[in-house]
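[1] Show me the folded form of this:
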Amino acid sequence: MSSPRPEREEAIAGCERKGLRTRNRILQAARSVFAGVGFERATIRAIAAAAGVDKSSVIQHFGTKQALFLEAVHWEIPVANIIADDPPTTTDNLVRGMLDAWAADPNSPMAVLLRTSMTSEDAAELLRTRITAQYVATMAATIDAPDARLRAALTGAMLMGIVSQRHILKMPDLEDADIEGILRLITPLVSTLLYPNSGANPMVPKPRGLSDPQQVAQWAEVRVEVGRRIRQLRKAAGMTQEALALESGLSRNLLVDVELGKSGLLYERLFDLARALKVEPHQLLIVGSQ
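    Okay, the predicted model is just below:
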């Protein structure tokens, strides 16, 4: 049997790309709707309208509202990337990772699940199960102190409280605070709770760059350079910000902030952007070119 003609292969690939774009658009719309009105009040019709597709398209891609919700809020806690060989780095990874993730995307799967858990027992149970299985058990195994699981759980509660008051309740003192300022104050407290026997002075924070204005400024310059590089690659690919956001799964607001150097990105998001731009991930980090 002869192989399909190049035109047919291209047509099939085009249909697959269109289907993936539609799927990503529905997921983004679903996260926004679920976060705004909760699981119970959200409807497939409303999600379809927000995504600019027919209700039948949502059903075709996801089947039911429950299945769509489960995929929209699916995320893995990257504990393996958090845990390091030394307590100060682990603490910094944990605290910075939580705050940066929420700042980068207020409608991330994790954020949407937390929002919906306040009005849906099913969502609350899903959140409890995920945090207990993925975070508490694994983090507790790194703690050499009594009540290790309780210490891990209390740390999670502290960080969840901070991000929920900062991004959901929008408490003014937390919402207006600079992330580096929050890190400077909360990191030593988390370190004391998780690693009381580490030998480090709990009142002297050691996260990277928090007390070094020069390093903070250097990272700000890097964000601007990376944002400029992403903008160059996007324009070279002939893509609008809306198209790149849709293709990569990022929100357009986040992409705008990244290109302006106002926000950084987790490495998973860099890989998503590289895939959407059809370049190698390291090409996003080639800075200094004009």
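[2] going forward, measure contacts and count neighbours with C-alpha atoms only.
    OK.
[3] so where's this protein shaky on pLDDT?
    1-18, 198-213, 215-216, 287-290 (pLDDT under 70).
[4] mind giving me the domain ranges of it?
    Using automatic domain parsing, the domain ranges for the chain come out as 6-72, 79-210, 214-285.
[5] Do me a favour and get the end-to-end distance for the last one?
    What it means is domain 214-285. Distance between the two ends of domain 214-285: 21 Å, counting by Cα to Cα, to the nearest Å.
[6] on that earlier part again, for the domains of the chain, give me JSON lines that also has mean neighbour count.
    Formatted as JSON lines, those follow (neighbours: other Cα atoms under 10 Å):
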{"stretch": "domain 6-72", "mean neighbour count": "17"}
{"stretch": "domain 79-210", "mean neighbour count": "17"}
{"stretch": "domain 214-285", "mean neighbour count": "17"}
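[7] Show me the residue sitting in the middle of this structure in space.
    Ala101 (4.3 Å; Cα atoms, centre = their mean).
[8] Let me see the contact set for that residue.
    Contacts of Ala101 were listed using Cα atoms under 8 Å, 6 or more residues apart in numbering, and they are 108, 266.
[9] Same check on Asn107?
    Contacts of Asn107 by Cα under 8 Å, 6+ apart are 31-32, 35.
[10] okay, these in TSV with secondary structure and distance to Val163 next?
    Converted to TSV, the contacts of Asn107 look like this (DSSP: H, G, I helix; E, B strand; the rest coil; distance: Cα to Cα, whole Å):
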residue	secondary structure	distance to Val163
Arg31	helix	18
Ser32	helix	18
Ala35	helix	15
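[11] what's the closest of these to Ser56?
    Arg31 (18.4 Å; Cα to Cα).
[12] That closest one reaches Asp105, doesn't it?
    No: judged on Cα atoms under 8 Å, Arg31 makes no contact with Asp105 at a distance of 11.0 Å.
[13] circling back: closest one of the contacts of Asn107 to Arg252?
    Ser32 (12.7 Å).
[14] quick one: that closest one and Thr64, what's the gap?
    17 Å.
[15] wait, what's in contact with Leu27?
    Contacts of Leu27 (Cα under 8 Å, 6+ apart): 68, 71-72.
[16] what about it, is that helix, strand or coil?
    Of the three states, Leu27 takes helix under DSSP: H, G, I helix; E, B strand; the rest coil.
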